[in-house]
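**Q** got a predicted structure here, sequence first:
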Amino acid sequence: MRDLELAKGILRGKSLSLVIVKRGKPIFESHSSGIGGLLQAMNDLGNVLSGASVADRVVGRAAGLLLTCSHTKEIYAATISKEGLKVLEENGIPVEYDNFVPKILDKEGRNICPFERFSLAIKSPNEAYKKLKSFADNLTKQR
């Protein structure tokens, strides 16, 4: 079974938000909402993510930048935004998705997701991790 198919099956079967598979084995699973799980995976696994297959519930621009920075091989998104898809396509990362949306909204569904908005100022995937992690940490402190 392809890694991406395995990741998709686990994502759906366990109702997770993020599953990362490499060489036929799950290496990371998360229930975290937003990009928290992806930031944790990058922090915990580092270069191990290179060449991995990722299944994620929601991929916006911020997640797209992080996935590109991590050198993931391929991605499945249950829902992907226009900007998220654009980042992945521009960086040659194959992506499958079920739902395409113009933008990722916040939890109330009224405004653009704070990470989607913040990531618009990030030009390079290489700077994404540090900037998005700092932004996430600041949001956590404010709550």
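**A** Alright, I've got the coordinates.

**Q** the chain: strands as residue ranges?
**A** 18-22, 25-30, 53-59, 74-81, 95-101 (DSSP state E).

**Q** do you know how far the nearest residue to residue 49 once chain neighbours are set aside is from residue 112?
**A** Of all residues not flanking residue 49 in the chain, residue 70 sits nearest, at 4.0 Å (C-beta to C-beta, 6 or more residues apart in numbering). For every residue, glycine as well, the C-beta is placed using N, CA and C. From residue 70 over to residue 112 the distance is 24 Å, taken as C-beta to C-beta, to the nearest Å.

**Q** between the two, point out the one with more neighbours.
**A** residue 70 (24 against 18; other C-beta atoms under 10 Å).

**Q** residues contacting that one?
**A** 41-42, 49-50, 52 (C-beta atoms under 8 Å, 6 or more residues apart in numbering).

**Q** the residues you listed: which two are farthest apart?
**A** Spatial extent of these (C-beta to C-beta) is set by the pair 41 and 50 at 12.1 Å.
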